[in-house]
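A.B. asks: What shape does this take:
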Amino acid sequence: MKKIVFLFLLSAIALGGCNMFGSKKDKKDAAVKKRAKAELRDENADVDFHAFVGRLKKAVAAHDANTLASMMTEDFAYVLGATAAEDRKGEGVFKYWDENGLWTELDGILTERFAKKGEFWVAPPQFADESLHYDGYRVGIRRVGGSWKFVYFVNG
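C.D. replies: Purely as a prediction, here's the structure:
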């Protein structure tokens, strides 16, 4: 019996020092830490910008046309025409959204992160990257007269 206990202890010591049963988690953690961090695009750090976007999201979720109208520019663009003269701006935006079921699309776009494109902050951020040729729905916000305004929600 003593021989069996002795062999058991000897094998436990021998195998305990072996790295064969070691965790791969340590190697994996080290590899993750070595990975280069992804470079994120500029994101607006202004508190008033985030407050504006928060109010905008709530107003869109509630389909609150009065609040949205106060957050929009007077020449709010909602349809891009073949030429600037064919663009649809201003009046009729809420009716257009109702007729085409765009409230959920707008709500979804507003969940995206905003990125800087020219003088606008746009969502989704893919639109800001010229190499992607994004032509889906997009939102544009910019500062007008010291306050943030919802400038456009257009497609393609």
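A.B. asks: Tell me where this structure has helices.
C.D. replies: When secondary structure is read from DSSP state H, the chain shows helices at 2-16, 25-34, 47-61, 65-71, 93-100, 103-109.
A.B. asks: and of those, who's closest to residue 79?
C.D. replies: helix 93-100 (7.0 Å; C-beta to C-beta). C-beta here means a position set from N, CA and C on the backbone, and glycine is covered the same way.
A.B. asks: Show residues contacting the closest one.
C.D. replies: Contacts to helix 93-100, defined as C-beta atoms under 8 Å, 6 or more residues apart in numbering, come from residues 65, 68, 72, 76, 78, 79, 88, 102, 103, 106.
A.B. asks: Buried ones among those residues?
C.D. replies: 68, 72, 76, 78, 79, 102, 106 (16 or more other C-beta atoms under 10 Å).
A.B. asks: Could you report the neighbour count for residue 57?
C.D. replies: The number of residues packed near residue 57 is 14, by other C-beta atoms under 10 Å.
A.B. asks: Identify the residue nearest it in space, chain neighbours excluded?
C.D. replies: Using C-beta to C-beta, 6 or more residues apart in numbering and skipping residues adjacent in sequence, the residue nearest residue 57 is residue 110, 5.0 Å away.
A.B. asks: so that neighbour touches residue 53, yeah?
C.D. replies: Yes. At 7.1 Å, residue 110 counts as touching residue 53 under the criterion of C-beta atoms under 8 Å.
A.B. asks: coming back round to it: tell me which two of the buried ones among the contacts of helix 93-100 sit farthest apart.
C.D. replies: Maximum distance among those (C-beta to C-beta): 16.6 Å, for 68 and 79.
A.B. asks: I'd like to know how far residue 141 sits from residue 4.
C.D. replies: 77 Å (C-beta to C-beta, to the nearest Å).
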